[in-house]
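Colleague: Have a look; sequence and predicted model below, questions after that.
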Amino acid sequence: MTGPGAVDPGAEAGPAEPARIDRVDVGAKRSPHNAKWSEYGPDVLPAWVAEHDFRQPDPVIEAMAATIERREFGYHRRDPEVAEAFGGWARSRYGWDPDPDLAVVCVDALQGVTAAVTALAAEGQGVILTPPVYHIFWRICPTSGRRPVEWPMRPGPDGWRLDPDDLEAVVAADPGARVLLLSHPQNPTGNVAGRDTLARIVELAHAHDFHIVSDEIHGDMVYSPAEFVPMLSLDGAAERVITVTSPAKTFALSGLRCALSIFGDPELRRRVVEAHPPLLLGHASRMGVDASVAAWTEGAAWADRLVDQLRAHRDHLARRLAAEAPAVRLHRPESTFLAWLDVSACGLGDRPAAALLERARVALVEGTEFGTGGEDHVRLNFGTSKAVLDEIIDRLVPCLQAP
Ligand SMILES: Cc1ncc(COP(=O)(O)O)c(C=O)c1O
């Protein structure tokens, strides 16, 4: 990249689906309506919000274009197709066969999460969070009168991990903890809990009478040898687990507003749905539904390329930081396009992301926003072109040295 307004060399549109997907037209991204690219001003490179910059696959765009062509923006009947499309996606990618009749289409993942959490934990009851964890989850309890309860992840030589023995101690000590809210895979650490850990969590949910809300919005972006195991595919999960997902992270569709809450048990579904006034949860938008159905039915090959591309970016970032900024500690994330950087040795003070915004003109997220364990960390989004990623690294490296 030659400057903040430049177009990547690979950005010219080709007639067919491009072989490489990491083409980013930086000039177009800098629209004032694009939150990621406009939040911090024209000289800042954005690596903050969890949104990648890649062009969506053609079938997604064609599905929306067909609706525009027909000027068909009225009420729609496509909700069942969203659940069917996800069913096919889950079957072919994860060998999991969710029942489309038990799914509920919602407007976004956080709506599905909040609806489930507040249905299953009453006011004053506890919601278990796994810090450092997706910062927006922390907003649910204070505004709804629920109590946040912490099950902190453990940092170790291979990255951050959940230890179910710790969860057992947490729920034994606090019988009022009614819901465990998981980011699975985990934002921001990139941890992917394995089958044994997940199975133990389900066992504990039965033994200690709590429910699990599993936000699986990052589930497609998992790098082997890590394996994504959908929570609801586990034995005994149906009565205890609600999964929320959407194609928004994989396909960069967050502005389109369409997500899915998935249940394995009709009674649990009824409990969550009936806990809220029927009109409060609204309906997904027509465009969101069109895009989601197309993504989940026709986006598999593109998603495979995305994962390959992101893995290459992850490894490139890790290699460059190891060589050029060895004071930074990075465990290669097993999933997501988010890197969780320990910058404690870089002398950046107690607000390292603010310092890096000021000095490097790169926007990251402050680790402390993710709760306990976030001190001395920043979260960096590497879901962009190689050229932009290299410029982000070029700008950061001089500021990430031991003092
Ligand atoms: C774990 C997780 N859940 C939910 C969301 C937001 O999804 P939505 O915009 O569909 O509510 C994000 C976005 O970063 C996320 O990382």
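Modeller: Perfect, thanks for sending it.
Colleague: For the stretch 101-250 of the chain, which residues are neighbours of the ligand?
Modeller: Selection of the stretch 101-250 of the chain residues close to the ligand by Cβ under 6 Å from any ligand atom yields 108-110, 134, 183, 187, 215, 217, 246, 248. Glycine gets a C-beta too; all of them are placed from N, C-alpha and C.
Colleague: try 5 Å this time
Modeller: Residues of the stretch 101-250 of the chain found near the ligand, taking Cβ under 5 Å from any ligand atom as the criterion, are 108-110, 134, 183, 187, 215, 217, 248.
Colleague: now, among those residues, which is nearest to Gly159?
Modeller: Within those, distances to Gly159 taken as Cβ to Cβ reach their minimum at Asn187, with 13.6 Å.
Colleague: Tabulate the CA atom coordinates of stretch 306-321 in PDB.
Modeller: Included here for stretch 306-321 are C-alpha records, laid out as PDB according to Å, rounded to 0.1, in the frame of the first residue of the first chain:
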ATOM      1  CA  LEU A 306     -11.200 -17.300   3.600                       C
ATOM      2  CA  VAL A 307      -9.900 -19.700   6.300                       C
ATOM      3  CA  ASP A 308      -6.800 -20.400   4.200                       C
ATOM      4  CA  GLN A 309      -6.200 -16.700   3.700                       C
ATOM      5  CA  LEU A 310      -6.700 -15.800   7.400                       C
ATOM      6  CA  ARG A 311      -4.400 -18.600   8.500                       C
ATOM      7  CA  ALA A 312      -1.700 -17.200   6.200                       C
ATOM      8  CA  HIS A 313      -2.300 -13.700   7.600                       C
ATOM      9  CA  ARG A 314      -2.200 -15.100  11.200                       C
ATOM     10  CA  ASP A 315       1.100 -16.800  10.500                       C
ATOM     11  CA  HIS A 316       2.600 -13.800   8.700                       C
ATOM     12  CA  LEU A 317       1.600 -11.500  11.600                       C
ATOM     13  CA  ALA A 318       3.200 -14.000  14.100                       C
ATOM     14  CA  ARG A 319       6.400 -14.300  12.100                       C
ATOM     15  CA  ARG A 320       6.800 -10.600  11.600                       C
ATOM     16  CA  LEU A 321       6.200  -9.800  15.300                       C
END
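Colleague: how far away is Pro164 from Ala193?
Modeller: Using Cβ to Cβ, to the nearest Å, one obtains 9 Å as the distance from Pro164 to Ala193.
Colleague: Now the common contact residues for the two.
Modeller: Ile201 (Cβ atoms under 8 Å, 6 or more residues apart in numbering).
Colleague: what about those two, which has more around it?
Modeller: Residue environment comparison for Pro164 versus Ala193 gives the larger neighbour count to Ala193, 26 against 18, counting by other Cβ atoms under 10 Å.
Colleague: List the contacts of the more buried one.
Modeller: Shown here is Ala193, whose contacts under the criterion Cβ under 8 Å, 6+ apart are 162, 182, 184-186, 201, 229.
Colleague: Now intersect those with the strands, please.
Modeller: Judged by DSSP state E, the subset of the contacts of Ala193 located in strands is Leu182.
Colleague: Max pairwise distance over the contacts of Ala193: which two?
Modeller: Farthest pair in the contacts of Ala193 (Cβ to Cβ) is Pro185 and Ile201. Separation: 14.2 Å.
Colleague: thinking again about what came up before, the residues of the stretch 101-250 of the chain next to the ligand in strands, which ones?
Modeller: Per DSSP E, these map to strands at 183, 215.
Colleague: Quick check: Ala303 vs the ligand, distance?
Modeller: In this structure, Ala303 and the ligand are separated by 17 Å, where distance is defined by Cβ to the nearest ligand atom, to the nearest Å.
Colleague: Quickly find the element holding that residue.
Modeller: helix 300-324 (DSSP states H and E).
Colleague: The spatially closest residue to Cys258 that is not a sequence neighbour: how many residues sit nearby?
Modeller: Taking Cβ to Cβ, 6 or more residues apart in numbering, and ignoring the residues beside it in sequence, Cys258 has Gly288 as its nearest neighbour in space, at 3.0 Å. Using other Cβ under 10 Å, Gly288 has 26 other residues around it.
Colleague: go on, the one 3 residues further on?
Modeller: Other residues within reach of Ala291 by the criterion other Cβ under 10 Å amount to 27.
Colleague: likewise Ala354?
Modeller: By the other Cβ under 10 Å criterion, the neighbourhood of Ala354 contains 14 residues.
Colleague: got a list of what it touches?
Modeller: Under the criterion of Cβ under 8 Å, 6+ apart, the contact partners of Ala354 comprise Glu366.
Colleague: Now it: which helix or strand?
Modeller: Secondary structure assigned from DSSP H and E places Ala354 in helix 352-360.
Colleague: Give the next helix or strand downstream of that helix.
Modeller: As the chain continues past helix 352-360, the following element, by DSSP H and E, is strand 362-363.
Colleague: Within the sheet, what are the partner strands of that following strand, with directions?
Modeller: According to DSSP bridges, strand 362-363 forms sheet pairs with strand 45-46 (parallel).
Colleague: now the strands for the stretch 1-150 of the chain?
Modeller: Counting by DSSP state E, counting those that start in this stretch, one finds strands in the stretch 1-150 of the chain at the ranges 45-46, 103-106, 126-129, 147-150.
Colleague: wait, what's in contact with Pro148?
Modeller: The contact partners of Pro148, by Cβ under 8 Å, 6+ apart, come to 126-127, 129, 138, 141.
Colleague: Next, the contact list for the residue positioned nearest the centre of the chain, please.
Modeller: Against the mean C-alpha coordinate of the chain, by Cα atoms, centre = their mean, the closest residue is His218 at 4.2 Å. For His218, the set of contacting residues under the criterion of Cβ under 8 Å, 6+ apart consists of 183, 185-187, 249, 335-336.
Colleague: could you pull out the helices for the protein?
Modeller: In order along the chain, the chain carries the following helices (DSSP state H): 26-29, 35-38, 58-69, 79-94, 109-120, 140-144, 164-173, 195-208, 248-251, 266-274, 286-298, 300-324, 352-360, 386-396.
Colleague: Of all the ones you listed, which one is nearest Glu375?
Modeller: Among the helices of the chain, the nearest to Glu375 by Cβ to Cβ is helix 352-360 (9.4 Å).
Colleague: Between helix 386-396 and that closest one, find me the angle.
Modeller: In this structure, helix 352-360 runs at an angle of 90 degrees to helix 386-396, with axes from the mean of the first three to the mean of the last three Cα atoms, to 10 degrees as the basis.
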